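Colleague: Okay, here's the prediction I keep looking at, along with the sequence it came from:
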Amino acid sequence: MKARRPASDSAPIVMARMDSPLGPIMAGVRGGRLCYLDFADRPAAGKGLSALAAALATPVRDGRETLHDRLEAQLAEYFGGRRRSFDIELELNGTAFQKDAWKALAAIPYGTTVSYAQEARSLGRPAAVRAVAQANARNPVAILVPCHRVVASGGGLGGYSGGLERKKFLLELEKGTA
C-alpha cells in the first residue's frame, strides 16, 4: 500500500506577478509559504519553475494568496530602503548541500558581502567553491535568500542568475542604506 501524502504536500504552486524596480517578478506560494521568487523576464525562469513543480509533483496555477500581498509590501519596503530582512515563511526545495548553501546565504548580513570561497569555508567545504556557486545559481527564492551578496574573491561581482546589472543594483541599494 502506497503512503498518502499530506494534503499540504499536494498543494499547487500559486503564481503571481509583481512589479519591482528591477522588472517584473514571479512569486510562487505553496501551502502558505514562498517557494519561488524570480525575475519574470529571465530566460531560465520558466525552466526553474517547471523543475520545482516536477520535483514537488504539483501543478502550477495563476492566482494570488495573502502571502503574495505581504511579500509585495515587504519587497516595496526593501526597495525603498526601509526593510533589511523579511519575515516571509519559505519552503526551500533542493539537495541537502543546496539547502546548506542557501542557509549560509541567509546568514549574510544586509549590506555586506562574502566571497564564494568564504561561503564554501563556512560550510566546512573549502574546496567546494564551484559547487557553492552552482547551488547559489539554483536558489529558488531570489532577494529573500540573498545570493546577490556573494562576490568573487578578487572583489568583482562574480555571477548572478538574475543578471549582473540586477546584482549591482541590489548591492548598491544595500550599501546605500546599510
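Modeller: Sure, I can see it.

Colleague: before we move on, which element is the nearest residue to Leu164 once chain neighbours are set aside in?
Modeller: Nearest residue to Leu164, sequence neighbours excluded (C-beta to C-beta, 6 or more residues apart in numbering): Leu157, at 5.3 Å. Backbone N, C-alpha and C define where each C-beta goes, glycine included. Using DSSP states H and E, Leu157 sits in no helix or strand.

Colleague: my read: Leu157 touches Lys168, true?
Modeller: Yes. Leu157 is within contact range of Lys168, at 6.3 Å (criterion: C-beta atoms under 8 Å).

Colleague: Run through the protein and note the low-pLDDT ranges.
Modeller: 1-9, 177-178 (pLDDT under 70).

Colleague: all helices for it, in order.
Modeller: 45-56, 66-79, 96-106, 116-122, 129-137, 164-177 (DSSP state H).

Colleague: And the contacts of the shortest one?
Modeller: The list of residues contacting helix 116-122 from outside it, by C-beta atoms under 8 Å, 6 or more residues apart in numbering, reads 101, 104-105, 107, 114, 126-129, 131-133, 136, 150-153, 158.

Colleague: one more time with 7 Å
Modeller: With C-beta atoms under 7 Å, 6 or more residues apart in numbering as the test, helix 116-122 has contacts from Ala101, Ala104, Pro126, Ala128, Val129, Val132, Ala133, Val150, Ala152, Ser153, Gly158.

Colleague: Leaving out sequence neighbours, find the closest residue to the last one.
Modeller: This means Gly158. Gly158 sits nearest to Ala152 (C-beta to C-beta, 6+ apart), 3.9 Å away.

Colleague: Tally up the residues packed near the one you found, please.
Modeller: Look at Ala152: counted by other C-beta atoms under 10 Å, it has 14 neighbours.

Colleague: so what's the most centrally placed residue in the chain closest to, chain neighbours aside?
Modeller: In the chain, the centroid-proximal residue (C-alpha atoms, centre = their mean) is Val141; its distance is 2.0 Å. Residue nearest to Val141 in three dimensions, not counting chain neighbours: Leu37, with 4.7 Å by C-beta to C-beta, 6+ apart.
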